[in-house]
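# got a predicted structure here, sequence first:
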Amino acid sequence: MPSLLHFEEIDFLRCRFALSPLWETQQAVRTLRHADRRGYHAPWLRRIRTAAAGLDLAPLWLLMPRRGHSPDWLGPAPVGPTTTFEEEIAAVRAADPAAAREDTARSLRATRGALGSPYGRAWLADPERMVRELADLLEEAWRVLVAPDWPRLRTLLEADIAFHSRRFAQVGLGGLLPEISERCSWQGGTLVVASHDRHERRLGGQGLVLMPSVFVWPDVISSFDPPWQPALVYPARGIGGLWSRSADPAPDRLVRLLGRGRAAVLGALDEPATTTALARRLSLAPSSVSAHLTALRDSGLLTARRYGHEVLYERTPLGIALTTTDPI
């Protein structure tokens, strides 16, 4: 089902990029809940397993339905690219309890039995306590799951913003959004986002916040309701190489499996790259690199995405597993 974001003329002038440590914390918690989100994050999951086991994430999971609404007050769109977690969690703590109660009740209705659960009953009976407890839990999740790796995550997110800002200058917003995700397309002045739930919003002059995320993959999310700032959250570029520690670009075990040329190409893709860039990096003919890329993609080890006139290749989770030094 599509989400529909209706632009007015002024909205095209008020689009901007942002990043959110609070959002990454929420999506890291969601990744622990849903196995289909873990493909790129196995080394991280392995490292934080013991610490995560000490967190009681059940209250947050109750507000993260597989289909349906999650409370916007727990993760509003950030005001800019330099927002800190401390600033964001302060905004959560300052949420209006009555509005938070209504938003939370809507989310609980999306999960069978959640409204009548002990958490659901307690939250709706005392929304001020709910705001305190959920803010405390988010802060603890940030400290354990995300903060130790935030410099690395922030670097990746800022690199994504820099790349897409350049593309915005080259192709404009109309060309950029379908490049950011194949789930995005235009119907006149309406952005159509393929998603799990139908959602429709008129931006009304607020513009759109474009927010890359490490942990949102494979989803694209656009369901922020009034009064919250409209936002589009999409998977950041380069997450395929975020956690892996690559061995020799062409270790013997990979050469035996794939052949030296294909092993070298797969090993060189620590970050997304074009055929030409790989050919220069490996001192190989572009035609040879192109043939290797095609074979690796057909084998499920790479994905290819078009950005303007360029095609960027990136490892899939299986490709990552083959090139990491530690078995997944």
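Great, that's in hand. Numbers count the residues shown, from 1 in each chain.
# shaky segments in this protein?
1, 223, 244-251, 307-308, 324-328 (pLDDT under 70).
# state which helix of this protein is the longest.
helix 150-180 (DSSP state H).
# what's near enough to touch P21?
Contacts for P21 (CB atoms under 8 Å, 6 or more residues apart in numbering) come out as 83-85, 88, 142, 146, 150, 154. In this view, the C-beta of every residue, glycine as well, is placed from N, C-alpha and C.
# buried sites along the longest helix of the chain?
For helix 150-180, the neighbour count (16 or more other CB atoms under 10 Å) marks 150, 153, 156-158, 160-161, 163-164, 167-168, 173, 176-180 as buried.
# ditto for stretch 309-327
312-317, 319-324.
# now do stretch 226-240
For stretch 226-240, burial by neighbour count (16+ other CB under 10 Å) applies to 228-240.
# which among the contacts of P21 gets closest to G39?
Distance ranking of the contacts of P21 against G39, using CB to CB, places V146 first at 18.6 Å.
# ok, that closest one to E314 distance?
V146 sits 23 Å away from E314, going by CB to CB, to the nearest Å.
# can you give me phi and psi for A114?
Dihedral angles of A114 (phi, psi; degrees, to the nearest 10) stand at phi -70, psi -40.
# burial count for the residue nearest to it when sequence neighbours are not counted?
Excluding its sequence neighbours, the residue lying closest to A114 (CB to CB, 6 or more residues apart in numbering) is L108, at 4.1 Å. Using other CB atoms under 10 Å, L108 is surrounded by 24 other residues.
# W243 now?
So W243, with other CB under 10 Å, has 21 neighbours.
# and what of P59?
Neighbours of P59 using other CB under 10 Å come to 17.
# sec struct for L55, please.
coil (DSSP: H, G, I helix; E, B strand; the rest coil).
# list the buried ones in stretch 60-72?
60, 62-65, 69-72.
# show me the strands in the stretch 1-150 of the chain, by range?
Taking DSSP state E, counting those that start in this stretch as the test, the strands found in the stretch 1-150 of the chain are 2-6, 16-17.
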